[in-house]
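Asks: Provided below for reference: sequence and predicted model.
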Amino acid sequence: MRITLTSVLVDDQDKALRFYTDVLGFVKKTEVPLGEHRWLTVVSPEAPDGVELVLEPDEHPAARPFKAALVADGIPYTAFSVADVHAETERLKALGVRFTQEPLAMGPVTTAVLDDTCGNLIQIVTVQDDAPAG
Amino acid sequence: MGDVFKALADPTRRALLDELQERDDQTLFELCTRLLSRGVGSSRQAVSQHLDVLEQAGLVRRRREGRHTFHSLDTSPLRAITRRWRIDPEEGPCGSP
């Protein structure tokens, strides 16, 4: 058994695809029309055959209150790894991304939290051992 | 306004004020994360209740921005303490600050 898919619940698939590709830098992997919505996934350009992120519509009545409650407390339900949280935060801010937590070093990890504009907070993480020297 | 003295009497609440002094505008998530990295293992619900006490004492301000809530430190209630028991502006009793 392997983990090949994970999902974020998004309020609008078109907007989500733009944010996750044009802003975050993922690339579209699959797009299959399914009635009103699509089976829509993106992958990291660093791992095109790696785990796919499903941009899943948040239409279920339980989804939006769940998301809103997490966002209100600043909780990122999803996290992505980056080489350098500080550099990535600056890059994304220049593109207009809103952060709810500036880079924060906590022992071996540095994290920051951003708003994906689709109703979610996303944590970006650098594990110091993985970071480039300097 | 709640009781400043009662608000300051709890070590977790003092730790929260320390963290807010380090950085304004923190979410509940960030504050909980910071406490954990200090070894203060309070639940999110407990931290939220501590923040309520601090807010009632005027020591923490909550600011809502869209769907987000941010917390900041407000030290102005502490003035009441030094007005009541004035601090010698010069040196301490041993001649050192």
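Replies: Now that the structure is in, tell me what you want to look at.
Asks: Tell me which stretches of the chain form helices.
Replies: The chain I'm using is chain A. Assigned by DSSP state H, the helices in chain A fall at A:13-18, A:63-72, A:85-94.
Asks: To clarify, I was referring to chain B.
Replies: Remark: helices assigned in chain B by DSSP H are B:4-8, B:11-22, B:28-37, B:44-56, B:79-84.
Asks: quick one on the thing from earlier: with respect to chain B, which of the helices of chain A lies nearest?
Replies: Set against chain B and scored by C-beta to the nearest C-beta, the helices of chain A come closest in helix A:63-72, at 4.8 Å. C-beta: built from backbone N, CA, C; applies to glycine.
Asks: re the thing from before, export the helices of chain A to a markdown table and tack on mean pLDDT?
Replies: Shown next, in a markdown table, are the helices of chain A (pLDDT from 0 to 100):
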| stretch | mean pLDDT |
| --- | --- |
| helix A:13-18 | 98 |
| helix A:63-72 | 96 |
| helix A:85-94 | 98 |
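Asks: circling back: single out the most deeply packed of the helices of chain B.
Replies: Highest mean neighbour count among those (mean count of other C-beta atoms under 10 Å in any protein chain shown): helix B:28-37, with a mean of 20.
Asks: Now do the contacts for B:Arg14.
Replies: B:Leu8 (C-beta atoms under 8 Å, 6 or more residues apart in numbering or on different chains).
Asks: per-residue pLDDT, it?
Replies: Listed pLDDT for B:Arg14 reads 96.
Asks: And it, how far from chain A?
Replies: 20 Å (C-beta to the nearest C-beta, to the nearest Å).
Asks: quick one: low-confidence parts of chain B?
Replies: Along chain B, the model assigns pLDDT under 70 to residues B:1-2, B:91-97.
Asks: returning to that earlier point: out of the helices of chain A, nearest to B:Leu16?
Replies: helix A:63-72 (18.2 Å; C-beta to C-beta).
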